[in-house]
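J.: Fold the following and give me the result.
(4 chains)
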Number of protein chains: 4
Amino acid sequence: MSKPIHTAILGASGYTGAELLRLLQNHPAFHIVALTGDSQAGKPIEAVYPHLRGRNLPALVKHTEVDFSSIQLVFCCLPHGTTQEIIASLPAHVRIVDLSADFRLYDAASYEEWYGHAHRALELQKSAVYGITELNRAGIKASRLVANPGCYPTSILLPMLPLIEAKLIEANSIIANSLSGISGAGRSAKQEMLFTELDGGVSAYGIGKHRHVVEIEQELTAVAKQPIKISFTPHLVPMSRGMLSTIHATLAAGITIEKIRATLSARYAAEPFVQVLETGSASSHQVRGTNNNVMSVHAGRLPNELIIVSVIDNLVKGASGQALQNANLMFGLPETTNLELTAVFP
Amino acid sequence: MSKPIHTAILGASGYTGAELLRLLQNHPAFHIVALTGDSQAGKPIEAVYPHLRGRNLPALVKHTEVDFSSIQLVFCCLPHGTTQEIIASLPAHVRIVDLSADFRLYDAASYEEWYGHAHRALELQKSAVYGITELNRAGIKASRLVANPGCYPTSILLPMLPLIEAKLIEANSIIANSLSGISGAGRSAKQEMLFTELDGGVSAYGIGKHRHVVEIEQELTAVAKQPIKISFTPHLVPMSRGMLSTIHATLAAGITIEKIRATLSARYAAEPFVQVLETGSASSHQVRGTNNNVMSVHAGRLPNELIIVSVIDNLVKGASGQALQNANLMFGLPETTNLELTAVFP
Amino acid sequence: MSKPIHTAILGASGYTGAELLRLLQNHPAFHIVALTGDSQAGKPIEAVYPHLRGRNLPALVKHTEVDFSSIQLVFCCLPHGTTQEIIASLPAHVRIVDLSADFRLYDAASYEEWYGHAHRALELQKSAVYGITELNRAGIKASRLVANPGCYPTSILLPMLPLIEAKLIEANSIIANSLSGISGAGRSAKQEMLFTELDGGVSAYGIGKHRHVVEIEQELTAVAKQPIKISFTPHLVPMSRGMLSTIHATLAAGITIEKIRATLSARYAAEPFVQVLETGSASSHQVRGTNNNVMSVHAGRLPNELIIVSVIDNLVKGASGQALQNANLMFGLPETTNLELTAVFP
Amino acid sequence: MSKPIHTAILGASGYTGAELLRLLQNHPAFHIVALTGDSQAGKPIEAVYPHLRGRNLPALVKHTEVDFSSIQLVFCCLPHGTTQEIIASLPAHVRIVDLSADFRLYDAASYEEWYGHAHRALELQKSAVYGITELNRAGIKASRLVANPGCYPTSILLPMLPLIEAKLIEANSIIANSLSGISGAGRSAKQEMLFTELDGGVSAYGIGKHRHVVEIEQELTAVAKQPIKISFTPHLVPMSRGMLSTIHATLAAGITIEKIRATLSARYAAEPFVQVLETGSASSHQVRGTNNNVMSVHAGRLPNELIIVSVIDNLVKGASGQALQNANLMFGLPETTNLELTAVFP
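T.: The predicted structure follows:
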């Protein structure tokens, strides 16, 4: 085997960091040499994540303590906002997959509008590549900095981008309702994320205002070559991980449901992680713990109504799994390395 | 207190029967004199529902064993299909709230299309009244047989019927996505309803084909005075009870979100069980165990897009609670009798 | 109806406060005139608990803002430690049910040992009465200050105290393993109480050191007239409310399982809230949302081994329900007032 | 790589079969050539388990359709009772790991007593080896037929067997209370296993009578060289997978908690799948999806009381994972092959 690729995870004490550590176990190329967690610095990882005991991982340190000169790959799992300056400070030879939202928006004004402050690493932002692997392989492979997509955008763009690109659906007809597991909210102690507040009930949130909508619109606009707006409503359901998006759209004139299914099937036929069902309806159970996106295509009841159900595991294809897929691609490894996973069911 | 009203529950061994028994505890007027459950006949109710132990309820009997001559009120919780003939056989003096779907459709052809067989009590079907209490008070009060609505229709019609009636939204623009607790599937042993099959994941089902859609369209069509079709997609989420419908529609020309909210607020201002939020978003936690419907009104991101979030407890306002509300109304009692409930939270 | 009894809830913004508000809805005697919540003062209760919207409750105020001169009953739901001085400051005419642990231990040294500081209201502590209603009715009725028991002690003492008292089991043979819903941990934002940290798994905690053990031993010691120690291990299971204690003990010489069951059945035959099963095993589902304690008596496999399974709802009989039961008793009302509840199942 | 070992799974349509398929993905030696499921014969595996779609697995067939002449390894996941005759019919060259209880009891009379009928493959029963890998490595390696242990016994024997063997605890002092995820009940449709019946509550079952107790006693008796009885009470908690056993015992004269911990630590120091915690308490979250057993050792409050908390994933170390570990051992492969798994958390 070739020389190991020295790898650091910044912000390893959050859920996406922990999930990366799960996925990187026994990775044949990426060798973890540093884990950072500023507020937990000095602790072994098992003090923060008992389930990672016995893995021979480095202890958590502050990111300023890491010697990046010998590090080739950084996964950045830091919170939105604090990420950009830290990534800007990394040496030029380091390649980065950033799981935050900091580099996902190409347009500085848009970033400022949605995130409430001017971007603090504008040049980097311009060079970053939005990284849904299946939709931008060449760009990701060549890039230094991949902006790993949000979970909601991944579940929606995989089915919808090819349809918008091929003009098979009407431009501004997309209505997406998404159901998310709670891990998407992170590991910070918040009253509204307590078990007791969430178990046994469901709620919608961020109606018309969730920041992920702008990512989705940016990517759809790019391929549509016209401005695209969508309706997007996220919901919290009482499960730890998993995501299901039910997406409505209006078929373009003359387009059938069968044409939609055939187009998506053909588009993803060679993809190891995307499956278009011929029958039945996608369920998040099918992808729990995996890097897969499963989608099903249905006729709605309204005239020319298309309904697509698209499922992912928000922590895997929606975060750390896609990050690893992107890193595999960037370093010339098979994309599926350490990602050939069977769903954990039941 | 006046003379007790002798009451029977047919099909008391299912979840809606059990929920009726919860709600009828210490009811000042309705006195339970018979409980039927053909497959469990002979057993005390606590053999079927241990949580009902100690309530001094009659044992389960076959419905043929009940002497209906002294019974004034019947709640019918039997399965769809088996209900119609049994109800048809009841003496004329008995008033009935039927929780099945058997008498919800006014149109015999429509019934046959959606339920796969000719109706077996056509005359009765014609006289039945569809019973969302707030939307048809006079009809329910005067009726002998109330067809208690489905849970999904209740959550969708309460917000949408007044808007369609007043032509505040475009006729065929309604897209409803609903999330349901598992109790809606009943208590029969089915592999797909096992804990292990449902915990930790979500799925959509019956896309474009769920029978509740025809109820909704029937009621909307009646007030619109033109045929209405809607898009309706139900989902199963891992919770025992509760329902949340996220409903999209297009505002009619010149209508604002504020106008919608004001209209619904005014419509339901005097209603004890319907609340229109001024701020925030409705959550099913708010109504768990109660007969309440809470709704919130939001602007969507698409042009003229209205989003309404509507929540109920599927077993209460979506079934047994509304049944009791209707029975209270039919017998001249305050509608809120035994239904002034605070949500069980957490 | 007689004059309403003016009632205040101190610390109404926690889960036990919210549960009291649920149970007090439409109470015929206790009229809520003040709700305190120091950090939330000024807010309507529905800002803190949306499910309490529309109940016409007073807004939250600081406890120093309450005029206690006209208040006759206080439920105190404040955290351990901060409670004692506030209760000590109340006027002498106010009767109090305290849901904290502050007045449960009769022995000052014991309090100091287990709570880490000297008691700050020693005189009051001496006059407080430990309040499992069924086990100390006369004392509670006559008292000014009731120390409402912990949830674990309630589930264990109800079955075990009569057995220790009658010397039907060996003195130091009790091994109790208890499973608790998460609401017992309160509503404070803590990482370890996040949905994601608890869903899908179980854990034991406070092994050999949980503070509730000293309450249990105090009460058992009092009736045994010899020092009693017990083994007690609490566990957290992924449910919001409910508690099940599996209790092992060694039968005294010559005592049979049947004798134990008969003794408990006789002891609780007239009690509205305690049920001793003749067959089957107690399940927390049976008591969800109710003030009931259900217990079942079993033979273990070891020689002379007794196993009792005892279930309660930790927020009702384990906290707010028993508090109301005690208050009903203190004010000469039927104990069952507003507590005749059927379990919320499913 | 050497020649693939042809492998069949009998009863692949149950949960342990599905879990084996997860664990065998990309196994370097075991090549799946047949999957049986008599009632589902003819269907592709994804018709039964959608999450196994895309794995290129053989379709389900009846076991009578399998040509065992070229098969070297069989995992048998059939129900108790139906297993013995089928295994007896397999050709002599086939090695078998049986996940049912059929061959776990060495004593024919004991089998008959606990399972209600005479054993139908007595000779085979005598040659079977009870297979907790860490406790009987030599026997398993040499055997043709391994009786894979029950989940409860695995979680209890791993900590207790070395202690009984070394006489560090008193012989008949073990009281084990175990909490199990629901998947232990299998995939058959049963009313009591519905989501609605289990969510939000806990229960004990089989008190004093669960069949797993006899396995535990058999193994403890063998090393104690005296008859051992234990108290064992299983509980169902609302989670799909995971198991936690809280085990009480009395220390032998002169033995300390530290001695117990040191003994277990030393015993399992070289074991890849067993971890003895130095601090903290074992939680089932730590082992979800893995083949690990984590245990923690605590002082109880009673005199000389030892408490051990032992956790496994009931479907992995408690079933399919240990089955694979045994198969790896039987075929001379590293035991950890395909079993180096990080827990799926959250």
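J.: Could you use CA atoms for every contact and neighbour count after this?
T.: Noted.
J.: Go through stretch A:36-51 and flag the buried ones.
T.: Buried residues in stretch A:36-51, counting neighbours by 16 or more other CA atoms under 10 Å in any protein chain shown, are found at A:36-38, A:40-41, A:44-46, A:48-51.
J.: Between all of these, which two are separated the most?
T.: A:38 and A:51 (20.3 Å; CA to CA).
J.: Would you map the helices across the stretch 151-300 of chain A?
T.: A:151-165, A:195-198, A:212-224, A:257-268 (DSSP state H, counting those that start in this stretch).
J.: do the stretch 1-150 of chain A as well
T.: Counting by DSSP H, counting those that start in this stretch, the helices of the stretch 1-150 of chain A are A:15-24, A:45-48, A:83-88, A:108-115, A:122-127, A:137-142.
J.: Out of those, which is closest to residue A:172?
T.: Comparing the helices of the stretch 1-150 of chain A by CA to CA, helix A:108-115 comes nearest, at 19.4 Å.
J.: interface residues of the stretch 51-200 of chain A facing chain B?
T.: The interface of the stretch 51-200 of chain A toward chain B, taken as CA under 8 Å from any CA of the partner chain, is made up of A:172, A:177, A:179, A:196-197, A:199-200.
J.: again, 10 Å this time
T.: With CA under 10 Å from any CA of the partner chain as the criterion, the stretch 51-200 of chain A comes near chain B at residues A:172-181, A:195-200.
J.: Could you list which of those residues also contact chain D?
T.: A:199-200.
J.: right, and out of the residues of the stretch 51-200 of chain A next to chain B, which lies closest to chain C?
T.: Of all these, chain C sits closest to residue A:195, with 3.7 Å by CA to the nearest CA.
J.: Distance check, the closest residue in space to that closest one that isn't next to it in sequence against residue A:48.
T.: Closest residue to residue A:195 apart from its sequence neighbours, by CA to CA, 6 or more residues apart in numbering or on different chains: residue C:195 at 3.7 Å. Distance of residue C:195 to residue A:48, given as CA to CA, to the nearest Å: 17 Å.
J.: ok, now residue A:254?
T.: From residue A:254 to residue A:48 the distance is 56 Å (CA to CA).
J.: Report the separation between residue A:10 and residue A:63.
T.: In terms of CA to CA, residue A:10 sits 7 Å off from residue A:63.
J.: anything in contact with each of these two?
T.: Among the neighbours of residue A:10, those also in contact with residue A:63 (CA atoms under 10 Å, 6 or more residues apart in numbering or on different chains) are A:34-38, A:86.
J.: can you put the residues you listed in a markdown table and add pLDDT?
T.: Formatted as a markdown table, those follow (pLDDT from 0 to 100):
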| residue | pLDDT |
| --- | --- |
| A:34 | 98 |
| A:35 | 98 |
| A:36 | 98 |
| A:37 | 95 |
| A:38 | 92 |
| A:86 | 96 |
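J.: what about residue A:223, distance to chain B?
T.: 19 Å (CA to the nearest CA, to the nearest Å).
J.: I figured residue A:225 hits residue A:165, correct?
T.: Yes - in this structure residue A:225 lies within contact range of residue A:165 using CA atoms under 10 Å: 8.6 Å.
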